[in-house]
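Visitor: One predicted model, sequence on top.
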Amino acid sequence: MTSTDTRPVILLTDFGRKDTFAGIMKGVIASISPESRVIDLTHDIDPGNILQASFLLRISYAYFPKKSVFCVVVDPGVGSERNAVCIETRDYFFVGPDNGVLWEAATGNHIKQIIRLTNTDYFLEPISNTFHGRDIFAPMAAAISKRLETLAILGDPVNECVKFYLPKIKVNKSCLELSVLHIDRFGNLTLNLSENEFRQFVQDREFCLAFKDRRINKTYKAYSAAKENEVFLIPASSGYMEISVKNGSAAKMLDARTMDSAALEILSS
Amino acid sequence: MTSTDTRPVILLTDFGRKDTFAGIMKGVIASISPESRVIDLTHDIDPGNILQASFLLRISYAYFPKKSVFCVVVDPGVGSERNAVCIETRDYFFVGPDNGVLWEAATGNHIKQIIRLTNTDYFLEPISNTFHGRDIFAPMAAAISKRLETLAILGDPVNECVKFYLPKIKVNKSCLELSVLHIDRFGNLTLNLSENEFRQFVQDREFCLAFKDRRINKTYKAYSAAKENEVFLIPASSGYMEISVKNGSAAKMLDARTMDSAALEILSS
Amino acid sequence: MTSTDTRPVILLTDFGRKDTFAGIMKGVIASISPESRVIDLTHDIDPGNILQASFLLRISYAYFPKKSVFCVVVDPGVGSERNAVCIETRDYFFVGPDNGVLWEAATGNHIKQIIRLTNTDYFLEPISNTFHGRDIFAPMAAAISKRLETLAILGDPVNECVKFYLPKIKVNKSCLELSVLHIDRFGNLTLNLSENEFRQFVQDREFCLAFKDRRINKTYKAYSAAKENEVFLIPASSGYMEISVKNGSAAKMLDARTMDSAALEILSS
């Protein structure tokens, strides 16, 4: 068996890097499936932040090899009655707690089946009540990486799982009420407005995005086209529109936070 | 030679991620043993903190594949007369400075032999006095990963190495005096009290854990069972008891630090 | 094809770890070249800091296997007219934006050819204007990792690329005016003065390094030889001289920043 006989395992957790939680998960996977390639998507989700994890998984998954196994552990309900699930989609496997964190990504890739992960033969015993990443999710992801004959051996097919949606745009008369979904390390503010939605709404008209005490009415295709200290909109690599500042942090300049609201309207001519 | 012909190398250092120390170690290992799998346990040990590294190594090592090579570089005495050692145990190899950092893990896994790493043929020349991770520990770990015929080729067998123990429980009359061993990213406080020790001491009686100005007398099996803002004890995945708060940071709420003390006693009935 | 048939890809970016930029690049590389080994040099370059990335690449590259492909994304001009290049040197491939960040490393390893990366067949379409790490640099590095027949297929040979030099020593009468190139996580201050330059200038004479309000006139070969709280010079593993404090942070003690200046002179006897 070589590494290309196994499926890549992609880790997305809120375990951080200071502790050894993420390292231990890799140890468990290597013990079960020594040839599996493991890739860190990120471990720095804010503790328990399902919105952030949902968003980052959604904008990232499609860049990984087909049949990758995403092992997602953002799990404030660990040890409670919440289920563990694997959602198989057209191209991927998503393993994690059934708390909605997998939904936005999975539903965008055509869900084929949902398995509730109940087969304790595949768990790491004894199962702690505080670290299912180690005892349930990593072993299950490793098993799927090794190409089981059938996923159904891991548990029971179910028809439903918990759904969690990114905040929707609200239409208020002629105005779109938007939210900041994410702030990246450069201080760019991602809005819950796709580039396509922006173009359809604005067309070639003048617009105004009200955000905090600012009125933003410029878009640029690249950071470099903007002036110093100018706040502008840009279609970002994620497919969403972002509020940005050239060579600076829009988040710092505007004192912005995730879920801050913004309002987009067309200027009357 | 394929990756399963080599032994995994597990890195545990205080080099952080901002610099390229850890990256360079991986370059050295890949140069010597291109097929070796390298896994980060963590690089974010506080500079020179042997207690923290000892603790994290002890609770983590057993989750890695048998015959893994742990390469540990927390080495405030780098460049001094302290030795470099490899401790071979029943299931693992522990490589690092002979300053005690390997002891808690190695002694728990049945020490077979201790080799003082002196064979300069396996060093990266010229040897700096400030980065033995690059010049001694990474090359030695890579050599062991490649399955030497005998470990003794790397240096001289010795009978002793430096021992470093996690702080012990002190028994003061009917009270256990405990210490905070570790604070994780979620703010959970790990005590130097195993779940077994806790159960044997408390049995089914009512207890009181005095910590700072708090009196804690509840245990839960899972975070989700607790009330909001309640401070409680929980048997953690490490095998130790932890002071926790549901969906919050016990460390912040209680202004706690590593090595803070706590006192556990049984309430008279 | 096994992992040793491919060339290692080494990542150096300013993407941080909180977002999924670096993870996505690994997904892209794994999709194009599943067997390629990917090693993180660091992702924590300060946003857009070409000096820091240049320095770290220069002191690190030689520790990686020959024919490694360095994929460097510190790219404040992303989306502008700046080119993407691959510099092939005697032993390595350096891929990144043509903004100078590759120069110090490449020029030290005997440049063989420079290719402007223009062949869009190797890009990930559609190309964003904000994330060429994903759409250009990762795919190009993956292609080179897979051993193309000729590098020239990726674009056009050019004679020149943008040069960026680390700050030079200034000679002012009998005094060397130096700069702090880098501050590492331990708070050591790297000067733009190599150990060889230091020895040639000082020989066996007494010296004085004026830095802020300090006068430093001691060198030690190892941290452990110094006294507590003493500020001293040490030849560091990078080959440069560093200002250090034993078991402490020189940066904090001296309130130092990158590009602070220092003056070295010989004491008259």
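Guide: Looks like it arrived, so ask away.

Visitor: Count the neighbours of the residue in the stretch 1-150 of chain A that chain B sits nearest to for me.
Guide: Evaluated by Cβ to the nearest Cβ, the stretch 1-150 of chain A has A:G79 as its residue closest to chain B, separated by 2.8 Å. All C-beta spots, glycine's among them, are computed from the backbone N, C-alpha and C. By the criterion of other Cβ atoms under 10 Å in any protein chain shown, A:G79 has 19 neighbours.

Visitor: got it, and A:V73?
Guide: Around A:V73 there are 28 residues (other Cβ under 10 Å).

Visitor: Just list whatever residues bridge to it.
Guide: Taking DSSP bridges as the rule, A:V73 bridges to A:T13.

Visitor: my guess is it meets A:T13, correct?
Guide: Yes: assessed by Cβ atoms under 8 Å, A:V73 is found in contact with A:T13 at 4.3 Å.

Visitor: since we're on the residue of chain A found nearest chain C, how many residues are nearby?
Guide: Relative to chain C, the nearest point of chain A is A:A222 (2.7 Å; Cβ to the nearest Cβ). For A:A222, the neighbour count with other Cβ under 10 Å is 17.

Visitor: Check the spacing between it and C:R82 real quick.
Guide: Distance, A:A222 to C:R82, using Cβ to Cβ, to the nearest Å: 10 Å.

Visitor: any idea of the mean pLDDT in the helix or strand harbouring A:A138?
Guide: A:A138 belongs to helix A:138-145 when assigned by DSSP states H and E. Across helix A:138-145, pLDDT averages out at 98.

Visitor: tell me what that helix is packed against?
Guide: Applying 3 or more Cβ pairs under 8 Å, 6 or more residues apart in numbering or on different chains; DSSP states H and E, one finds that helix A:138-145 contacts strand A:9-13, helix A:21-32, strand A:69-73, strand A:84-89, strand A:93-97.

Visitor: So which residues on chain A come close to chain C?
Guide: Contact residues, chain A versus chain C (Cβ under 8 Å from any Cβ of the partner chain): A:2-4, A:8, A:10, A:12, A:17, A:37, A:39-44, A:56, A:59-60, A:63-65, A:68, A:184-186, A:221-225, A:234-237, A:247.

Visitor: at 6 Å instead, please
Guide: A:4, A:8, A:39-42, A:44, A:56, A:60, A:63-65, A:184-186, A:221-222, A:224, A:236-237 (Cβ under 6 Å from any Cβ of the partner chain).

Visitor: are any of those buried, and which?
Guide: Applying 16 or more other Cβ atoms under 10 Å in any protein chain shown to those, the neighbour count classes A:8, A:39-42, A:44, A:56, A:60, A:63-65, A:184-186, A:222, A:224, A:236-237 as buried.

Visitor: So which of the residues you listed belong to strands?
Guide: Under the assignment DSSP state E, these contribute A:39-42 to strands.

Visitor: I'd like to know how many residues surround A:Y92.
Guide: So A:Y92, with other Cβ under 10 Å, has 22 neighbours.

Visitor: Relative to A:Q52, how far out is it?
Guide: A:Y92 sits 20 Å away from A:Q52, going by Cβ to Cβ.

Visitor: right, and A:E88 touches A:Q113 too?
Guide: Yes: using Cβ atoms under 6 Å, A:E88 is in contact with A:Q113, at 5.0 Å.

Visitor: still on that earlier bit, just send the helices and strands packed on helix A:138-145 back as CSV, with mean pLDDT too.
Guide: Converted to CSV, the helices and strands packed on helix A:138-145 look like this (pLDDT from 0 to 100):
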stretch, mean pLDDT
strand A:9-13, 98
helix A:21-32, 98
strand A:69-73, 98
strand A:84-89, 98
strand A:93-97, 98
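
Visitor: Select, out of these, the one closest to B:R205.
Guide: helix A:21-32 (32.8 Å; Cβ to Cβ).

Visitor: Mind giving me the packing neighbours of that closest one?
Guide: With contacts defined as 3 or more Cβ pairs under 6 Å, 6 or more residues apart in numbering or on different chains; DSSP states H and E, helix A:21-32 has these neighbours: helix A:138-145, strand B:38-42.

Visitor: Let's see that with 7 Å instead.
Guide: On a contact count with 3 or more Cβ pairs under 7 Å, 6 or more residues apart in numbering or on different chains; DSSP states H and E, helix A:21-32 meets strand A:9-13, helix A:138-145, strand B:38-42.
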